[in-house]
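Enquirer: Sequence plus predicted model, see below.
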Amino acid sequence: MAVALAVVLCSRGLCRAGAARSQPVRASSKAVTRHWKAMHFERQKLMAVTEYIAPRPLVPPHCITPPIVPVQEENGYAKLLRRQVGEIFRSSKMIAVCQFNSPSNDEMQLVNYHLMKHNIWVKKFPNEIMRAFLSESKYKNLLPLFVGKNILLVSPETKAKEMLRILKRVPEVVLLGACIENTILSRQGVLNYSKLPSLELAQGQVVGTLVLVPSQTCTVLQSNSVYLTALLSQYIKQQNDRSGDTEKKGECPAEPSPAKSSGSP
């Protein structure tokens with residue numbers, strides 16, 4: 001009985017396998033019948049008009065929550081350069097900013113030599129260091145000068161005339177501006193400053209002017225009394241002359257001498 005059942009099951013499985021093999025395969029490809037088509041112009045206008053626009057907030061989001069700027073710590077070398085720049089601005093009376101257009105080494109050495117003779121030194125710092133220092137100091141108006149390659153001409157004395165005379169020899173080094181005695185000057189301002197007299201000569205002129213005014217005042221105050229004294233002296237002299245003439249007229253004529261008066265032989 002079991003053998004007959006197994007034979008029946010095997011025969012059914014073989015029939016199903018043959019039926020599956022004989023079944024035709026349907027094609028999976030399908031023709032594309034839908035293509036993209038542009039929206040009608042009227043409908044485009046309608047969609048644009050009816051588009052939803054979200055209302056703007058009364059306060060912008062960036063005003064409510066300010067952006068967080070990461071703080072970058074300055075390295076030790078940059079701190080050292082900033083300290084040197086601050087020391088230069090504190091101890092120098094003249095700081096000139098020049099545009100450096102890469103002159104030849106020989107010309108630059110010659111310029112350094114002539115500048116050092118007048119106690120003027122050439123300093124060079126990165127623009128980032130100069131901007132960081134100037135933005136936090138009282139010399140903020142010098143910030144527009146630090147664009148490109150720049151050098152500083154530093155001196156503990158105000159020797160603008162000597163500096164300009166030396167810079168005329170090197171056209172590649174152009175003067176942009178300067179800070180002289182805590183006063184920021186343009187190029188024309190430095191030229192005008194170089195034409196001013198020295199401090200000793202200016203002090204002498206001021207002292208002369210101050211002395212001249214009191215002397216003129218004293219002369220004006222004494223002029224009336226001097227004039228009156230001159231008039232009185234002239235009047236006294238005239239009176240003395242008149243009295244002398246009167247005395248001469250009042251005198252008697254002189255008597256003849258005995259030799260002339262004797263008429264007897």
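Expert: Right, received. Where do you want to start?

Enquirer: what's the single longest helix in this structure?
Expert: Ranked by residue count, the top helix of the chain under DSSP state H comes out as helix 199-250.

Enquirer: and that helix, average pLDDT?
Expert: For helix 199-250, the mean pLDDT works out to 79.

Enquirer: Kindly report the same for stretch 114-122.
Expert: 92.

Enquirer: residues making contact with it?
Expert: The contact list for stretch 114-122 (C-beta atoms under 8 Å, 6 or more residues apart in numbering) reads 94, 111-112, 151-157, 159, 162-163, 166, 169. The C-beta positions use only the backbone N, C-alpha and C, and glycine is treated the same way.

Enquirer: I'd like to know which of those are buried.
Expert: Buried members of the contacts of stretch 114-122, counted by 16 or more other C-beta atoms under 10 Å: 94, 111, 151-155, 159, 162-163, 166.

Enquirer: would you turn those residues into a markdown table with pLDDT and distance to residue 122?
Expert: Supplementary listing: the buried ones among the contacts of stretch 114-122 in a markdown table, determined by pLDDT from 0 to 100; distance: C-beta to C-beta, whole Å:
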| residue | pLDDT | distance to residue 122 |
| --- | --- | --- |
| 94 | 93 | 13 |
| 111 | 89 | 8 |
| 151 | 92 | 6 |
| 152 | 93 | 7 |
| 153 | 93 | 6 |
| 154 | 94 | 8 |
| 155 | 93 | 11 |
| 159 | 88 | 14 |
| 162 | 91 | 14 |
| 163 | 92 | 11 |
| 166 | 91 | 11 |
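
Enquirer: can you list those in JSON lines and add secondary structure and distance to residue 225?
Expert: Shown next, in JSON lines, are the buried ones among the contacts of stretch 114-122 (DSSP: H, G, I helix; E, B strand; the rest coil; distance: C-beta to C-beta, whole Å):
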{"residue": "94", "secondary structure": "strand", "distance to residue 225": "54"}
{"residue": "111", "secondary structure": "helix", "distance to residue 225": "66"}
{"residue": "151", "secondary structure": "strand", "distance to residue 225": "67"}
{"residue": "152", "secondary structure": "strand", "distance to residue 225": "64"}
{"residue": "153", "secondary structure": "strand", "distance to residue 225": "61"}
{"residue": "154", "secondary structure": "strand", "distance to residue 225": "61"}
{"residue": "155", "secondary structure": "strand", "distance to residue 225": "56"}
{"residue": "159", "secondary structure": "coil", "distance to residue 225": "52"}
{"residue": "162", "secondary structure": "helix", "distance to residue 225": "54"}
{"residue": "163", "secondary structure": "helix", "distance to residue 225": "56"}
{"residue": "166", "secondary structure": "helix", "distance to residue 225": "60"}
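
Enquirer: which stretches of this protein form strands?
Expert: Assigned by DSSP state E, the chain shows strands spanning 94-100, 121-123, 150-155, 173-180, 183-186.

Enquirer: Max pairwise distance over the contacts of stretch 114-122: which two?
Expert: 156 and 169 (23.1 Å; C-beta to C-beta).

Enquirer: Can I get the strands of the chain in JSON lines including distance to residue 198?
Expert: Below are these laid out as JSON lines (distance: least, C-beta to C-beta, whole Å):
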{"stretch": "strand 94-100", "distance to residue 198": "15"}
{"stretch": "strand 121-123", "distance to residue 198": "22"}
{"stretch": "strand 150-155", "distance to residue 198": "16"}
{"stretch": "strand 173-180", "distance to residue 198": "14"}
{"stretch": "strand 183-186", "distance to residue 198": "18"}
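
Enquirer: Those: which one's closest to residue 213?
Expert: The nearest among these, by C-beta to C-beta, is strand 183-186 at 29.1 Å.

Enquirer: Pull out the buried positions in the closest one.
Expert: Under the neighbour-count criterion of 16+ other C-beta under 10 Å, strand 183-186 has 184-185 buried.

Enquirer: What mean pLDDT does it get?
Expert: So the average pLDDT for strand 183-186 ends up being 91.

Enquirer: Off-centre distance for it?
Expert: Between the centre of strand 183-186 and the centre of its host chain there is 6 Å, according to C-alpha atoms, centre = their mean, to the nearest Å.

Enquirer: list the helices and strands that strand packs on?
Expert: strand 173-180 (3 or more C-beta pairs under 8 Å, 6 or more residues apart in numbering; DSSP states H and E).
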